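**Q** I'd like to go over a predicted model; first the sequence, then the structure.
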Number of protein chains: 2
Amino acid sequence: MENKSQYFNKAAIDEMALRQRTLLINSLTGFKSANLIGTSDKAGQTNLAIVSSAFHIGANPALMGFLFRPHSVPRDTLENILSTQYFSMNHVHSDIVKQAHQTSARYPKSVSEFKAVGLNEQWIDGFPAPYVKESHIKVGLKFCEQHHLSINATELVIAEIENIIIPDGILEEDGYLDIEKANTVAVSSLESYHTTRQIDRLSYAKVK
Amino acid sequence: MENKSQYFNKAAIDEMALRQRTLLINSLTGFKSANLIGTSDKAGQTNLAIVSSAFHIGANPALMGFLFRPHSVPRDTLENILSTQYFSMNHVHSDIVKQAHQTSARYPKSVSEFKAVGLNEQWIDGFPAPYVKESHIKVGLKFCEQHHLSINATELVIAEIENIIIPDGILEEDGYLDIEKANTVAVSSLESYHTTRQIDRLSYAKVK
């Protein structure tokens, strides 16, 4: 990288146009996960939504967090999770990026994004939420708790992992799951999708 | 991908050895960001810690979240943030992966990881926390609030973006920051680092 740099203080950030600031700030945390959240309401109407907000909370118990913005996006997914307590999380891989991204369009609640974007529902072993058939890595989740973040009116949902479905051949003996081999993609900012190439898998760091 | 898959139910997940489960569950959310958190205590003793837990909370106001595990890792970083209210976040890029990873070793509080791993402190414009000189993308943050997640005794810290330092030539006109051009890496599971290649930058999805 060249040595020249640009510095933005708080006033300069505040002065940016809203769309510019949204794209920039969304880029700053770094690469994000790309997942499809599959839900159903109690009447069986399904919903599918791409999120980049899934994050690891803990392995023991096995917990994940998701941030929802109910005031800026349709809240079907959050409502279904709260009403049925169950949902699926499905990795977006390089062959389904366009369909996955298209789920972010504002379809009416009566339209299932599965059908609208051309991805298939998969119901497994009585689990009460639909998985995405085309995804390689799928996780069944059960709602645990919700935290309202009043600072910007978002909802943090914490869920426990109920089951895991992965392709043969990507789980290594020590527990490392080779998500790159499954073509899982990363997201940057709002709408940029990336494949990855492993640099290195390092070992547990110790004081030298 | 082949069609064969492996299915793990809750009992099978619970039965895995702790290290295996930790690596697997950490892989399941997908790719994560890799950032170095720079802090100082009130006496000027600096600290540097790699985290994969940074996540986007909102652009307006510009907020980020970080999850800390005070009971499993030394809590110098969290203590410094709570005591001084300020910290820096610095993207890990492909040329500093090894040094960045080495900050996760359990150095005593009296040792600055900057010096121990061979990265340089950079103090900019009176901001009260050190940045990483070698990083290309740097963010100055101010503590806003802390949420104790009693479900697994972790601490969620929410911070506001105070300033942004980026190299010339990677901020596009519409606000998209090309973090791939800055060689920012992604993490999977605990210790695997990845470069990226952009597939596509899609446009805002609309109902067809």
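**A** Thanks, I have the structure now.
**Q** Helix or strand next in line after the longest strand anywhere in chain A, which one?
**A** Taking DSSP state E as the assignment, the strand of chain A that covers the most residues is strand A:154-167. Scanning forward in sequence from strand A:154-167 by DSSP states H and E, the next helix or strand is strand A:186-188.
**Q** Partner strands of that next one and their direction?
**A** Here strand A:186-188 has these sheet partners by DSSP bridges: strand A:32-33 (antiparallel), strand A:192-201 (antiparallel).
**Q** and those as JSON lines, adding mean pLDDT?
**A** Below are these laid out as JSON lines (pLDDT from 0 to 100):
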{"stretch": "strand A:32-33", "mean pLDDT": "98"}
{"stretch": "strand A:192-201", "mean pLDDT": "97"}
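**Q** The helix or strand hosting residue A:14 near chain B at all?
**A** Element membership of residue A:14 [criterion: DSSP H and E] is helix A:10-15. Yes - counting by CB under 8 Å from any CB of the partner chain, chain B has neighbours in helix A:10-15: A:10, A:13. All C-beta spots, glycine's among them, are computed from the backbone N, C-alpha and C.
**Q** Using CSV, write down the CA coordinates of that helix.
**A** C-alpha atoms of helix A:10-15 as CSV (Å, rounded to 0.1, in the frame of the first residue of the first chain):
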residue,chain,number,x,y,z
LYS,A,10,-16.3,12.6,13.7
ALA,A,11,-17.5,15.8,12.0
ALA,A,12,-16.3,14.6,8.6
ILE,A,13,-18.1,11.3,9.2
ASP,A,14,-21.3,13.0,10.3
GLU,A,15,-21.2,15.2,7.2
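**Q** and the helix or strand following it, what other elements does it pack with?
**A** For helix A:10-15, the succeeding helix or strand toward the C-terminus, using DSSP H and E, is helix A:18-28. In terms of contacts (3 or more CB pairs under 8 Å, 6 or more residues apart in numbering or on different chains; DSSP states H and E), helix A:18-28 is packed against strand B:55-59, strand B:62-68, strand B:154-167.
**Q** Buried residues, helix A:18-28. List them.
**A** The neighbour-count check on helix A:18-28 (16 or more other CB atoms under 10 Å in any protein chain shown) flags A:20, A:21, A:22, A:23, A:24, A:25, A:26, A:27, A:28 as buried.
**Q** Need the nearest residue in space to residue A:57, chain neighbours excluded.
**A** Spatial nearest neighbour of residue A:57, chain neighbours left out: residue A:63 (4.0 Å); criterion: CB to CB, 6 or more residues apart in numbering or on different chains.
**Q** try residue A:181
**A** Nearest residue to residue A:181, sequence neighbours excluded (CB to CB, 6+ apart): residue A:170, at 4.8 Å.
**Q** Residue A:207 looks like it's in a strand, true?
**A** No - counting by DSSP: H, G, I helix; E, B strand; the rest coil, residue A:207 falls outside a strand, being coil.
**Q** what residues are up against it?
**A** B:105, B:106, B:107, B:116 (CB atoms under 8 Å, 6 or more residues apart in numbering or on different chains).
**Q** Pairing partners for the residue nearest to residue A:57 in the sheet, please.
**A** Under DSSP bridges, the beta-bridge partners of residue A:63 are residue A:58, residue A:160.
**Q** correct me, but it touches residue A:157?
**A** No - counting by CB atoms under 8 Å, residue A:63 does not reach residue A:157; the two are 10.7 Å apart.
**Q** measure residue A:162 to chain B for me?
**A** With distances taken as CB to the nearest CB, to the nearest Å, residue A:162 is found 6 Å from chain B.
**Q** Tell me the pLDDT of that residue.
**A** Per-residue pLDDT puts residue A:162 at 98.
**Q** How many neighbouring residues does it have?
**A** The tally of other residues near residue A:162 (other CB atoms under 10 Å in any protein chain shown) stands at 19.
**Q** Tell me which helix or strand the nearest residue to it once chain neighbours are set aside sits in.
**A** The shortest distance from residue A:162 to any residue other than its chain neighbours is 4.3 Å, reached at residue A:140 (CB to CB, 6+ apart). Assigning secondary structure by DSSP H and E places residue A:140 in strand A:138-149.
**Q** Other residues contacting that strand?
**A** For strand A:138-149, contacts defined as CB under 8 Å, 6+ apart pick out A:63-64, A:67, A:81-82, A:85-91, A:122, A:124, A:127, A:129, A:131-132, A:155-166, B:28, B:57, B:147, B:149, B:151, B:158.
**Q** Name the strands paired with that strand and say parallel or antiparallel.
**A** Strand A:138-149 pairs in its sheet with strand A:86-91 (antiparallel), strand A:154-167 (antiparallel), by DSSP bridges.
**Q** what's the most buried one of those strands?
**A** Among these, ranked by average contacts under mean count of other CB atoms under 10 Å in any protein chain shown, first place goes to strand A:86-91 (a mean of 26).
**Q** What helices and strands are in contact with the helix or strand following that one?
**A** Going down the chain from strand A:86-91, the next helix or strand is helix A:97-102, by DSSP H and E. Applying 3+ CB pairs under 8 Å, 6+ apart, one finds that helix A:97-102 makes contact with helix A:113-117, strand B:192-201.
**Q** chain center to the longest one: distance?
**A** Put simply, strand B:192-201 sits 17 Å off its chain's centre (CA atoms, centre = their mean, to the nearest Å).
**Q** Report the angle between it and helix B:18-28.
**A** 20 degrees (axes from the mean of the first three to the mean of the last three CA atoms, to 10 degrees).
**Q** got the contact list for strand B:192-201?
**A** Contacting residues not belonging to strand B:192-201 are listed as A:31, A:94, A:97-98, A:176, A:180, A:185-186, A:188, A:191-202, B:31, B:34, B:92, B:94, B:97, B:101, B:176, B:180, B:183-188 [CB under 8 Å, 6+ apart].
**Q** what are the C-alpha coordinates of it, in PDB please?
**A** Provided in PDB are the C-alpha atoms of strand B:192-201 (Å, rounded to 0.1, in the frame of the first residue of the first chain):
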ATOM      1  CA  SER B 192      -7.300 -19.900   9.900                       C
ATOM      2  CA  TYR B 193      -6.600 -16.800   7.900                       C
ATOM      3  CA  HIS B 194      -7.800 -16.100   4.300                       C
ATOM      4  CA  THR B 195      -7.300 -13.600   1.600                       C
ATOM      5  CA  THR B 196     -10.300 -12.800  -0.600                       C
ATOM      6  CA  ARG B 197     -11.200 -12.400  -4.200                       C
ATOM      7  CA  GLN B 198     -14.300 -10.400  -5.100                       C
ATOM      8  CA  ILE B 199     -17.000 -12.300  -7.000                       C
ATOM      9  CA  ASP B 200     -19.200  -9.400  -7.600                       C
ATOM     10  CA  ARG B 201     -20.600  -6.200  -6.200                       C
END
